[in-house]
Each structure stands twice: as structure tokens, then as C-alpha cells.
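>>> What follows is a predicted structure for the sequence shown.
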Amino acid sequence: MDVIDDKLRRIYDGEASNREDYLATEIPAIPLDGQEGAPAMIQRVLSYLQDGTITMIGIYGMGGVGKTTLVKHVFNQVGGFDYMWFITVSKEPNYQRIQSSIARDLGISEYECYGTEERADQVFQRLKERKYLLILDDVWAGFELHELGIPNPSRDNLSKVVMASRFLHVCDTMEADISLKVEVMFEDDAWKLFVEEAGSVVLQPSIEETAREVLRECGGLPLAIRTVGKAMRDKGDVGLWRSALRTLQESSGEIAGMKSEVLESLKLSFDHLDDATKNCFLYLSLFPENEIIFTYFLSVNWYLEGLIADVGDFNEVENKGVAVMSNLKDACLLESGNYARNVRMHCVVRDMALWIASSRDEPMFLTRTGPGVHEPPEEEEWEKAKRISLMRTSIDRLPEKPICPHLLILMLEGNQRLTRIPSDFFQSMDALQILNLNRTGIASLPSSVSSLKNLRALYFYACKMLEDVEVVGHLYNLQVLDLYLTAVKELPESFLNLQNLKILRLGFTLNLKKIPPNLFACLPNLEVLNMYRSYGYWQTRSDGKRTDEFLYRLNLLDLANLAHLDALDITIDNSGESLEWLLNSSLVDRLEGFAIESCANFKGISLFQACKLTRLRALSMLSCPELEEILNGIDAKEVIFPDLRLLQLEALPKLERICIGTEGRINFQKLEKLTVKGCNRLKSLFSCASLKQLQNLNYVEVSDCSEMKVIIEGHVREEAVLPKLTGFSLCNLPKLSIIYDGTSALHSLEFVDVSKCPMLEKLPLDPKQSRRLKSIRGEKDWLDRLKWEDPSVMAAFQSSFDYDD
């Protein structure tokens, strides 16, 4: 048998000089010195190789994240196989070459076989009784091992296959028993690698701070860290580092090696997408670096721009959009955000998107984002652009009357210094379809807004100074209007003209006191209405009586008669009659957000009513003095609130417990945020038995609960407690003495905020968390009194202390 012992061998195939195929016991791999996270992943893979129940292991992650390095180290450390192969498959695989490589190693001469099928049979006969390890790197599409003659790995033959790919779906297609994602590096590990590549010059006091900012622009991506580090190696002039930082923030492709080594490598994943998904991906370049993007409105904007089609209603729009986002996540070109309905783009992937968008012939995108932008674009730039993003800048003024004949979308979100829009600013934007003014400082709109006859979506989310929206009622083609978290006091009569409106968001408009009584009867196409924590004065009669000088009661019957209404978030304030009517009406099936406020005799939701609230995502119960339990007198096996993400309980003096999981009735599997305030009979928040129901809990806020003694009652034995909890806030809990009893730590914790909790002396922290935890905020006296396992643990977290003034 012609096998080369203990030596590296290039596979016979001269045209593949850039491919690495190894039939050996050791192959060259980049050292892992200083990369603390990588050895743990390697050990995890090695343990799976020893597991008799696992035969196929998938490794996936974005380009440049270190998949190849990882599987090479696995190859070098594993043993106990009759045959071991490391094969680079590549984007355009030559399966005949791969088969020939394996056949030669098995001692099968080319002259013995006259075709791939005969060779496959020979390979199969040699391997069927042998134990092999096959590592496949750079796999872009699934394929059948048996077509090459390789017997599928099984528990019987004890063989194993490890594949590395940029795409999760490839691992699924190959039927991997387990798929592991290779994440970017932690900041500490990234810094060690950067120092290694850039040299000790980065440790100089005059350079280190800027060098760390340069490193952050690499987003923990090893390929980018090595490339930028090499480009800046031994550069001792701080001016050069500041220049490099500006270049990375504005156009990373200008850094030596970034375009050829990093961006072009990542672009291979982009090239693998279909055309529709490519356009959706490039659209994401409009958002700033590290922006958390709400999936619903990303989907809506894609639809309004014609990037996704074949949808019936806006509920289906989100489903279609989420499917596109899933494909991008699968390709590691998009990441999940901190909540289920959020996404974000890695900063280097965004650089790649900007590079691709700017290299196209047509002026698709003009993107200038971030606080470093102080001036708006020049007039000629406005004239050419189809899509402009000036999000989260330091701009405080806009041009008087830009000429924008081609402009389809204008994104000005996050410009809080922008308090005024020139009166003629919108006069020459006839084609504009989407206008995003979220989180700006404007209090009113110029009259030129009424000239936007083609405008289909208008966003004012968190414009906390905005009161006057009368001119909006003249935008007759408007389909989406977002006034969430604004200071609007009344909706004008002109809103009766918005008969094409399909989405209206009025959530958290706490100042809203007046709405035309017949408004909803005049919006026949409405599909989505959000009035969560907003105007809550409703009736079920048609007399339209005033309740005081300002308030009319709107008619719930008008909502029930909306033929297209699919999703409803609503507030019922001070009306037990309307509350009962709603909970027993056809609208209950459409409820996604429900706020019950100041309903004096309300004692809880009945089983019959609760079972219909299958779509409920947000629930608030406030100032209901008789409420003892969320669900009134229920002992049921039914799954209650299966989609609940947010729960707010406030000013409920008789509430004694929150029933979860096996001890109660509510399904909290998807719960992400819990807020409890002014519930003075609550002595604990959860029990140990409920922890398995809280796997997605991200944030907890508890305040003004005078009897609260412990957050989790009982002795906690779980290794991973609340695995996704990133932050908690505890305020004015005079009897709270402990978070929970147990040695387990909250491993995902990033933020802790504690005030007026004098008896709390210990936090559930482990030294390993110090790299993740960003802030422990509290009074200086309390922080100084905290007890720790030993001084080294305190030292690990002391840099995270954030003292209240």
C-alpha cells in the first residue's frame, strides 16, 4: 500500500496549488498562543470525536473567524484512527480529485479503475471495515459521501467526519449530528493577538488607547486582526494610528491588505447568495456599525422597496423577511440581536457591504453614519443618490432645498441634535417612499412634507419632542405611520384621510388625550394597530360620550369591524366593562400586546380567556388593586401565553406570586424582559422549579417591593442559571438579602444596577465573567461592603465598578 508515513504530501493535482489536502498525522496550523477561547472549542470537538453517539460534526462561522485553524488543530491532536484525511473542498470542488486523493492513500492505483464509479467501489471495499477520520474544510455545498465510495460514518464502523463551512445549512444538508458555531474572539484574546501582530509598540501609553479603538473596528475577527496588525506593525507615530482609525471607520478597504485578504474573502459568502437576498443584504449597509435592527420594520422596508414580494399582508411580510434574515444568518452575514426580533451586522461584514455597494455603477447608497459625521452631504451628492443614510451623526442642520429626483429612502434616525427641518427641505423629493426620522429632536414638521405624494412609510419612533403631526394627514398614500414614544397629545381630524394606512403605531404615547371618535371606522385597510400603553379609553356603545373635558371613549366595535386587522396591541384604562367585552370578543385572537390599567375590580384573566391569547407577546398589569394572580383561579394543563416576551407588573398591592411552569400555569419559555414594581406582597420573584421555563430571559427589573427577600427562592443547583440574562436592576428593596442560594453564576451577565438594597451583600459572580461584565453600578458605600469569595475575585471585577453620585 502506497502510504506516506508521518510526512506531509501534496495531493496529485497540479491545478489546485492553493488547496491543502493532507494524508498525515500532523499538518501546519497557526499557533493559538494567547487565544483562550480556541482551545476550549478544540477540546469540545475532541470530546465529540470520542462520543460513540456522534458521527458527523459540523463547524460553521463567518469567513476569517478561524474555522480552518480550529479543524487543523483538531486534526493534529486526535488519534486512534486507521486512516485520517484533511481535505480542502473549496467553492468549486473537484470531487474526482478528492476521490483520487483518498484512493491513492488506500493504495488503489489509477490503472486499476477506469472511472469514478469503479474507483468508488474500490474505496468502499477498502474502508468498510476500517475506522477513519475525514476532515472536510471550506465546504460550500452538501454532497453524498457514498458517491466518492466513502461509507457513511456510523456507530458500527466508529468512523467520524468533521466539516467546516460558512453555512449552517451545509452542516444540516450533510446531516451533522451536532453543529458548532465559531464565534469572534473576546476582547482580551483579540488584544493579545493584536499585540503579537502589531508589535509591542501598541503598549506605549501614547498609542495604546487608539490602538484598542483600531482593534475594536476589527470586531474580534481573527483574519481582520492579523491583517490590520501586520499593516500597523512597529508604527510608533500616534498620528498614523489615528489616521488608521479614521480610515477603518470610513473605508476599511484602504488599509493595506484589508481589501485583498479580508473583504474579498468575505465577499465569497455574498457571491453565494441569490440576487434577491444580495439586494436585501446590501440594504443593511444603510445602518450604522453595531446597530440593533428591528426585524419587523426591516422586513416592512424591504417589502415597500420591492426587495421581497409575493406576500398577502404585513404579517406575511415579516415571515418572508425573517426567512431572508435566516438565510443571511445561515451564511454568517447577519447575527441575532439581544432580543428575538432584533438582528445586527458584524462591523467587518458591514464594511464588506459598503465596499460592494460603493463599487457599483449606479448610485445605490450614500451612507455616512456615526458621531464623527458633522456635516450633511454636498448638494450634488443628494442629487445622484437613491438611498441616503445619515443615522446617528452629529449633524444639527440640513440643506434648505436639496434636489433629489431619484431618492427613494432617507434615514435620519438618531440625530438628536437635529431639532429643525428647513421649510422647503422635502419640496424636491417626489420619488421618496420611506422617511425615517426616529429619535430626532424635532418638535414639528415643515409644510413641505405634504409634497411627498409617493411616501409610503413615515417613522417618528422616540421623537420625544414631537407634538404637531397635522400635516401627516395629507399623505394620502401612506401605508406605515410610527408615532411610538412621541409627545403627541392629539391625533388631528386630517388623519381621517389616511385611508390607505395599514400599520399605525401609537404605543407609549402617554400624553395622547384626544383621538377623533370615528378614526378607526375611516381606516378600512388597517392591518396592524399598536396602542400598547397609550390611549385606553374605550366603550362598546356608540353614543360617543365625553368622559371629561378632553377624553372621548373610542368604540371597540370599530376595531372589531376592521376586516383586515390582524395584529392588535391595546390598552384598557379604567373600564371593567370594556375589558370583559374585549376578552370575550373576536379581537382577543389578534391581541399581541395588552395593557390593563386602573381596572378596580379586575381579579385576573380566566382560563377561557387566557387560552385564546395565543399570540400575546407583551402584557402589562398596572394599578389593579384587587389582582391577586395574573390568571384567576386556574389549575390547567393548557399552555398559557406561549409567545409572551415582555411582562410588566406594577402597583399590584395584593399580588402574592408569579406562577411559572410546573408550579403554575404560565409558559415563560420565550420571556425576555420582566419588570416588577410596587408589588408589596411579593417575597420572591421565581422559584428554583421555574428556572427551566426562563431560558430566554434577558433582563429583569425589580423596584419598590417592600417585602422582597430573595429573587430566586430555594437552593439553585443548575450549572447554568438564566443562561441569557445580560442585565438586572434592583432598586428600593429594603429586605432583599440574596439573589439566590447556590454557587452557580449568571454567565451571560453584562450589566448590574443596584440601589437602595442595604441588606444585599453578595452577587452571583464568577471570576471568569470579568471579561464579559461591563458595569456593576451602585452606591459607593454598598459596593465597598460587598462580600467576595477572596480578594482575587474582587480584583477581577473592580474595574467594572460604576459608582452612583
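Happy to help now that I have it. Residues are numbered from 1 along each chain as shown.

>>> What residues of stretch 523-536 count as buried?
Buried residues in stretch 523-536, defined by neighbour count with 16 or more other Cβ atoms under 10 Å: Leu523, Leu526, Glu527, Val528, Leu529, Asn530, Met531, Tyr532, Arg533, Ser534, Tyr535, Gly536. For glycine as for every other residue, the C-beta is placed from the backbone atoms N, C-alpha and C.

>>> Filter those residues down to the ones in helices?
Using DSSP state H, no member of those sits in helices.

>>> can you redo the residues you listed as a markdown table with pLDDT and distance to Trp140?
Shown next, in a markdown table, are the buried residues of stretch 523-536 (pLDDT from 0 to 100; distance: Cβ to Cβ, whole Å):
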| residue | pLDDT | distance to Trp140 |
| --- | --- | --- |
| Leu523 | 97 | 49 |
| Leu526 | 97 | 45 |
| Glu527 | 96 | 40 |
| Val528 | 96 | 39 |
| Leu529 | 98 | 45 |
| Asn530 | 98 | 42 |
| Met531 | 97 | 48 |
| Tyr532 | 96 | 44 |
| Arg533 | 95 | 48 |
| Ser534 | 96 | 49 |
| Tyr535 | 93 | 53 |
| Gly536 | 91 | 54 |
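
>>> Just to be sure, which of the residues you listed are found in strands?
When those are checked against strands using DSSP state E, the ones located there are Val528, Leu529, Asn530.

>>> per-residue confidence for Met325?
Note for Met325: predicted pLDDT of 96.

>>> Distance to Glu779 for the buried residues of stretch 523-536 - can I get that in TSV?
As requested, those are exported to TSV (distance: Cβ to Cβ, whole Å):
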residue	distance to Glu779
Leu523	50
Leu526	49
Glu527	49
Val528	44
Leu529	43
Asn530	38
Met531	39
Tyr532	34
Arg533	30
Ser534	35
Tyr535	39
Gly536	37
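
>>> got a list of contacts for stretch 43-50?
Defining contact as Cβ atoms under 8 Å, 6 or more residues apart in numbering, one finds that stretch 43-50 is touched by 54, 57, 59, 70-71, 74, 77-78, 133, 160, 162, 178, 180.

>>> ok now it, how far from the chain's centre?
In this view, stretch 43-50 has its centroid 29 Å away from the chain centroid, taken as Cα atoms, centre = their mean, to the nearest Å.

>>> same question for that stretch, mean pLDDT?
Stretch 43-50 shows a mean pLDDT of 93 in the predicted model.

>>> returning to that earlier point: pLDDT, distance to Leu145 and secondary structure for the contacts of stretch 43-50 - can I get that in TSV?
TSV is the format used below for the contacts of stretch 43-50 (pLDDT from 0 to 100; distance: Cβ to Cβ, whole Å; DSSP: H, G, I helix; E, B strand; the rest coil):
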residue	pLDDT	distance to Leu145	secondary structure
Ile54	94	16	coil
Ile57	96	14	strand
Ile59	95	17	strand
Leu70	92	22	helix
Val71	93	17	helix
Val74	93	19	helix
Gln77	91	24	helix
Val78	90	19	coil
Leu133	94	13	strand
Lys160	94	12	strand
Val162	97	13	strand
Ile178	95	17	strand
Leu180	94	20	strand
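
>>> And the buried residues of stretch 523-536, which is closest to Trp85?
For Trp85, the closest of the buried residues of stretch 523-536 turns out to be Val528, at 54.3 Å, with distances computed as Cβ to Cβ.
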